[in-house]
Structures are given as C-alpha cells and as structure tokens.
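would you be able to build a 3D model of this:
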Amino acid sequence: MREPLDMPEKCGASPLELTLVSDAMDVRATILKLLAKLRALNFSEADCSKVELVVAEVLNNIVEHAYPDGGRGTIRLRIDFQESALAFEVVDHGLPMPNRSLPSAHIPKLENGANLPEGGWGWMLIHELSHDLSYVRTGCENRLRFCLGYRCRP
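Here you go, the predicted model:
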C-alpha cells in the first residue's frame, strides 16, 4: 500500500506546465521550479522529496536514453493537481523505450559476492512510488503518465 501525499487545501490549483531542454542542468532547474510550486501550496517536505525523486528519475532517464550522446530535444512536463493525487504527464520526441514498453520493476537478483548492476534501480523506484504508470509511443512521441497519491481520476 502506498502512502498518500498530504494534499494541501489548495489542491485545486491550476495545472503546471513546464518545458525543458534535455540536459542535466535544465532538469535540475525544472525540478527546483516544481518544488517551489509544491512548497507554495504547503506540501510537506516528505511529499516534496517523493516528487523530486520520481521526477528526477524520469527526466534523467529521458536525457540519458531518449536523447543519448548529448542529443538535444524538448521535454514537456504537465502536472495536474487533483483532489487526492498529482497526475504527471511527460512527453518527449527522443528514442522510444526498449521494446516500446515500460521497464520492469523487478529487483535484479544478486549472487553472493556479485557487484550491484548499474541499471534498473530507478525504474524500480518509479514503479514503487507511483501508480497508474503508463507509457505509449505514438509516431515519434513518447508519453509517460503516472500519479503520486491515493488515486488518479481521469
């Protein structure tokens, strides 16, 4: 069972739409803008940390994998403030996810003395901390949706 976000009384805030360039500095600046908005709406620090972790993982994956080798592209982030959830939509025009589907949430199996594998941990966190997670590739567009909170209304 996932813990709910402590939704502020102003949960009916207007959607927040942010556009960024696919580089690490713009990812950080975008996350700081998002956190400032959440704090202005009286979100708890615990909730802000959860949002920061999930959004950072998602955006950094796009920068690293959808636009590899320093490729540049635009990423659009939309956050809808719903009654009991934050609904996120992230859109980019980079490379599709492998097999055009979400990476799994499994924890890599480790043998005694084995080194930890490099990849996959971020997606495990995203799956664990969010719900209503979906991905679709339409034409040249990637669209990832997820919610943080109790439930997500359409």
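
check which element follows the helix or strand of the chain with the lowest mean pLDDT along the chain.
None of the helices or strands of the chain scores lower by mean pLDDT, DSSP states H and E than helix 121-129, at a mean of 90. Going down the chain from helix 121-129, the next helix or strand is strand 131-138, by DSSP states H and E.

which other helices and strands does the next helix or strand after that next one contact?
Later in the chain than strand 131-138, the nearest helix or strand by DSSP H and E is strand 141-149. Counting contacts by 3 or more Cβ pairs under 8 Å, 6 or more residues apart in numbering; DSSP states H and E, strand 141-149 is packed against helix 45-61, strand 85-92, strand 131-138. Yep, even glycine has a C-beta here, placed from its N, CA and C like the rest.

highest mean neighbour count out of the ones you listed?
strand 85-92 (a mean of 21; mean count of other Cβ atoms under 10 Å).

average pLDDT across that one?
What strand 85-92 shows for mean pLDDT is 95.

now do that strand against strand 131-138: the angle between them, please.
Calculated by axes from the mean of the first three to the mean of the last three Cα atoms, to 10 degrees, strand 85-92 forms an angle of 20 degrees with strand 131-138.

which strands border strand 85-92, and is each parallel or antiparallel?
strand 74-81 (antiparallel), strand 141-149 (antiparallel) (DSSP bridges).

now that strand, how far from the chain's geometric center?
Distance of strand 85-92 from the chain centroid (Cα atoms, centre = their mean, to the nearest Å) equals 7 Å.

roughly how far does the residue positioned nearest the centre of the chain sit from Asp26?
Nearest to the mean C-alpha position of the chain, by Cα atoms, centre = their mean, lies Val55 at 3.4 Å. As judged by Cβ to Cβ, to the nearest Å, Val55 and Asp26 stand 13 Å apart.

with Val54 instead?
According to Cβ to Cβ, Val54 and Asp26 sit 18 Å apart.

which ones are touching the nearest residue to the residue nearest to the centre of the chain once chain neighbours are set aside?
Leaving aside its chain neighbours, Val55 sits nearest to Ile31 (5.9 Å; criterion: Cβ to Cβ, 6 or more residues apart in numbering). Residues in contact with Ile31 (Cβ atoms under 8 Å, 6 or more residues apart in numbering) are Glu52, Val55, Ala56, Leu59.

Ile31: which element?
Secondary structure assignment for Ile31, by DSSP H and E: helix 24-40.

fine by me, we can end here.
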